[in-house]
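Q: Coordinates for the following, if possible.
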Amino acid sequence: MTSDPVAPAGDVGYQFPDGPKLNLGCGTVQPPGWVNIDASHRAWLAARLPHLDRLLIRLGLLPKTEFGPQVKIHNLNKPLPYGDDTVACIYGGEVWEHFEYPDAVRLTFECYRVLAPGGILRVSVPDGAEFWRRYLEMYKEALAQPSDRRRAEPLRKHVHAYFDSICTRKIYLRSMMHKHKWQFDEVQLVELFQEAGFCQVRRMSHHHSRVPDIAEVEHSDSGKLIVEGSKPRATPPAV
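A: Numbering: from 1, shown residues only. Here you go, the predicted model:
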């Protein structure tokens, strides 16, 4: 399944650059043609010690996994292992929210460094504004009921879904893995892209992208905020 690339406004002749396509925090989404990068403990075990991983599966100590030697192991808190201006595009699906904000800033700037001129960064995160819009909607619905018929349980569940997923700077463990550490909205994420140097930054709909085969890596759209930007091409010197 593929989608047609969309030329950014003001750049009708957009040409997708050469170079690898990075799928950061790939999880189980590992399409061919992409460099699928993950750093979870299970990804590390299956990629670096596959024989041990298979043994633990046979013993019933671990479930089967789609991770394996085909996944590139890299800690995204460290610089990306690519030279300047060498990568065609980067996709981060539900990754940025797993970093404390300063680390998300650093990663965004690092993506800018490795992308080739004209390269694309596309990030999909839970939409913070949508989450709280739904909360206010539920709250108003509850208030509209007579006081003896109001139920707080739906509101508690909604708020719990937020706080249960947030975990930052725990003692000894700092930020625990696989927990959200920030909540983005369109204003924050667009500004972050722009501060890193990206141009033509805008919110995009599911599978609507300048990346030709975005549908191979972008599987979920429910409650998601998707922002895409491109690294400016070099401006030819004035004659």
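
Q: which secondary element of the protein has the worst mean pLDDT?
A: Of all helical and strand segments in the chain, the minimum by mean pLDDT, DSSP states H and E falls on helix 41-48, at a mean of 86.

Q: show me where this protein has strands.
A: 21-24, 35-38, 72-73, 87-93, 115-126, 199-203, 224-230 (DSSP state E).

Q: contacting residues around the closest residue to residue 167 other than its chain neighbours?
A: In space, and not counting its chain neighbours, residue 167 is closest to residue 179: 3.6 Å by Cβ to Cβ, 6 or more residues apart in numbering. In short, each C-beta sits where N, CA and C put it, glycine included. By Cβ atoms under 8 Å, 6 or more residues apart in numbering, the contact set of residue 179 is 98, 165, 166, 167, 168.

Q: all helices of this protein, in order?
A: 41-48, 50-58, 101-114, 128-143, 153-163, 186-196 (DSSP state H).

Q: Quick check, residue 142 in contact with residue 151.
A: Yes - taking contacts as Cβ atoms under 8 Å, residue 142 lies within contact range of residue 151: 6.8 Å.

Q: I'd like the distance between the residue lying farthest from the centre of the chain and residue 51.
A: Distance from the centre of the chain peaks at residue 148, with 43.3 Å (Cα atoms, centre = their mean). Taking Cβ to Cβ, to the nearest Å as the measure, residue 148 and residue 51 are separated by 64 Å.

Q: same question, residue 18
A: Distance, residue 18 to residue 51, using Cβ to Cβ: 36 Å.

Q: again with residue 137
A: Here the criterion is Cβ to Cβ. By it, residue 137 lies 52 Å from residue 51.

Q: again with residue 42
A: Counting by Cβ to Cβ, the gap from residue 42 to residue 51 is 15 Å.

Q: One more: residue 96?
A: Counting by Cβ to Cβ, the gap from residue 96 to residue 51 is 34 Å.

Q: Looking at the two, which has the bigger crowd around it?
A: Per other Cβ atoms under 10 Å, whichever of residue 96 and residue 51 has more neighbours is residue 96, with 28 against 7.

Q: I'd guessed the more buried one sits against residue 106; true?
A: No - judged on Cβ under 8 Å, residue 96 makes no contact with residue 106 at a distance of 11.3 Å.

Q: re earlier: gap between the least confident helix or strand of the chain and the chain center?
A: From the chain centre to the centre of helix 41-48 is a distance of 20 Å (Cα atoms, centre = their mean, to the nearest Å).

Q: Next: stretch 211-218.
A: On Cα atoms, centre = their mean, the centre of stretch 211-218 falls 13 Å from the chain's centre.

Q: Then stretch 20-38?
A: Worked out by Cα atoms, centre = their mean, stretch 20-38 lies 12 Å from the chain centre.

Q: what's next to that stretch, contact-wise?
A: With Cβ under 8 Å, 6+ apart, stretch 20-38 has contacts from 39-40, 66-67, 70-74, 76, 80, 82, 86-95, 98, 211, 213, 216-217, 219.

Q: filter those residues to the buried ones?
A: By neighbour count, with 16 or more other Cβ atoms under 10 Å, the contacts of stretch 20-38 hold 39-40, 67, 71-74, 76, 80, 82, 86-95, 98, 211, 213, 216-217 as buried.

Q: Name the member of the contacts of residue 179 with the most neighbours.
A: Counting by other Cβ under 10 Å, top hit in the contacts of residue 179: residue 98 with 20 neighbours.
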